[in-house]
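S.K.: the sequence and its predicted three-dimensional model are supplied below.
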Amino acid sequence: RQAESSLGFGKALMELLQSGMVEASIKQAAAIYLKNYLKRRWPMDEGGVPAEERTIIRDALVPMALEVDKSVRSQLCTALEELAVADFPQNWPTLLPQLASSFTAGGGTRVALAAMELAHATCGHFRTNSLRYGGNDVVKEARWCADALGPQHLDVWRTACEQAVADKTAMPL
């Protein structure tokens, strides 16, 4: 844990996750450590994640989570939810546009599913008692999410329905 206080620690973990030369089990461990590191250090004013590294992490988290396998992505989704609670929307205004563009980034069903998981994680704090404590800000944030992600979500749903109908009609009775 002593290394956590070093500048660039979070960035180094993310580079490890993106490396094509690292075994899946190492990536899984790095993702778990990154999630816990961010959970511990992100809220800290002193001794936490430095401001310049926060920007790097916020900018890289969504694209990276789209590329990794599901076991690693689940850890990154949990990290994303933590960061969204802390920083969205004031300190992370690019989150929703980044998520929305990830739905149309190509990559087919796998990327669309990953984007849905990330959107689910981003909206995680709406599933808690935040309405009781957040008031109008939470309602406004939920509206931003619905406006930004709703059309993409609907497109994924339509595509899935069209594929299901096409598969059903292609099968002989």
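M.R.: That came in fine, so what should we check first? Being a predicted model, the structure only gives us computed values, none of them experimental.
S.K.: residues in contact with the residue nearest to the spatial centre of the chain?
M.R.: Residue closest to the mean C-alpha point of the chain, counted by Cα atoms, centre = their mean, is Leu118 at 3.9 Å. With contact taken as Cβ atoms under 8 Å, 6 or more residues apart in numbering, Leu118 is in contact with Val62, Ala65, Leu66, Cys77, Leu80, Leu99, Ser102. Backbone N, C-alpha and C define where each C-beta goes, glycine included.
S.K.: what sits closest to Ala24 if chain neighbours are left out?
M.R.: Asp69 (6.7 Å; Cβ to Cβ, 6 or more residues apart in numbering).
S.K.: check Leu80 too.
M.R.: Per Cβ to Cβ, 6+ apart, closest to Leu80 is Ala121, 4.6 Å.
S.K.: right, and the one you found touches Ser74 too?
M.R.: No: with contact defined as Cβ atoms under 8 Å, Ala121 does not count as touching Ser74 (9.2 Å).
S.K.: distance check, Asn36 against Leu13.
M.R.: According to Cβ to Cβ, to the nearest Å, Asn36 stands 10 Å off from Leu13.
S.K.: what of Ala100?
M.R.: For Ala100, the distance to Leu13 - Cβ to Cβ - is 26 Å.
S.K.: how close does the residue nearest to the centre of the chain get to Glu23?
M.R.: 24 Å.
S.K.: helix or strand right after the lowest-mean-pLDDT helix or strand in the chain?
M.R.: When the helices and strands of the chain are compared on mean pLDDT, DSSP states H and E, helix 130-134 comes out lowest with a mean of 54. Moving toward the C-terminus from helix 130-134, the next helix or strand (DSSP states H and E) is helix 136-170.
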